[in-house]
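Undergrad: return atomic coordinates for the entry below.
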Amino acid sequence: DVKNHDNSYGSTSDVKLKENIVDAGSQWDDIKAVKVRNFNFKTNKSRKLLGVVAQELETISPGLVDETADKDSDLNELGTTTKSVKYSILYMKAFKALQEAMARIETLETKVAALEAG
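TA: Residues are numbered from 1 along each chain as shown. Just a heads-up that it's a prediction; the model follows:
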């Protein structure tokens, strides 16, 4: 977890470090399929959270899920794994879907205005 006093974090994003920059494709269907859940962790039953379940998200966007080997205190692998979600990428997908929704709304508003004027 990254924690700080003002809930601010960032990532290097300078254009000088990037190439092959093109608009992202539609994220509408992926985001529409994401199941947003309320849950608590077994270790803290009183703290209710909002998020996704890695195994459910993996069926929609496998690239958003990482798997890490579970280890004991001596760093020996236990033969099991724990899945995690790349939330920062999920947020970008949601941001793209929001832009798509805004464009659809603006198109509908224009059509409604034309119908009301006619």
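
Undergrad: mind checking the SS state of the nearest residue to S26 once chain neighbours are set aside?
TA: Spatial nearest neighbour of S26, chain neighbours left out: E100 (6.3 Å); criterion: C-beta to C-beta, 6 or more residues apart in numbering. No exception for glycine: its C-beta is placed from N, CA and C like everyone else's. Under DSSP: H, G, I helix; E, B strand; the rest coil, E100 falls in the helix class.

Undergrad: which residue packs closest to the residue nearest the centre of the chain, ignoring adjacent ones?
TA: Among the residues of the chain, the one closest to the centroid is L90, at 1.7 Å (C-alpha atoms, centre = their mean). Nearest in space to L90, with sequence neighbours left out and distances taken as C-beta to C-beta, 6+ apart, is L64 at 5.6 Å.

Undergrad: all strands for this structure, in order.
TA: For the chain, applying DSSP state E gives strands covering 37-41, 44-51, 65-71, 77-85.

Undergrad: the first one: how far from the chain's middle?
TA: The gap between the average C-alpha position of strand 37-41 and the chain average comes to 16 Å, counting by C-alpha atoms, centre = their mean, to the nearest Å.

Undergrad: buried set for it?
TA: By 16 or more other C-beta atoms under 10 Å, strand 37-41 has no buried positions at all.

Undergrad: so where's this protein shaky on pLDDT?
TA: 1 (pLDDT under 70).

Undergrad: where exactly do the helices run in it?
TA: Shown for the chain, the helices assigned by DSSP state H span residues 28-33, 54-58, 87-117.

Undergrad: so which of those helices gets nearest N40?
TA: Taking C-beta to C-beta, helix 54-58 is the member of the helices of the chain nearest to N40, at 15.9 Å.
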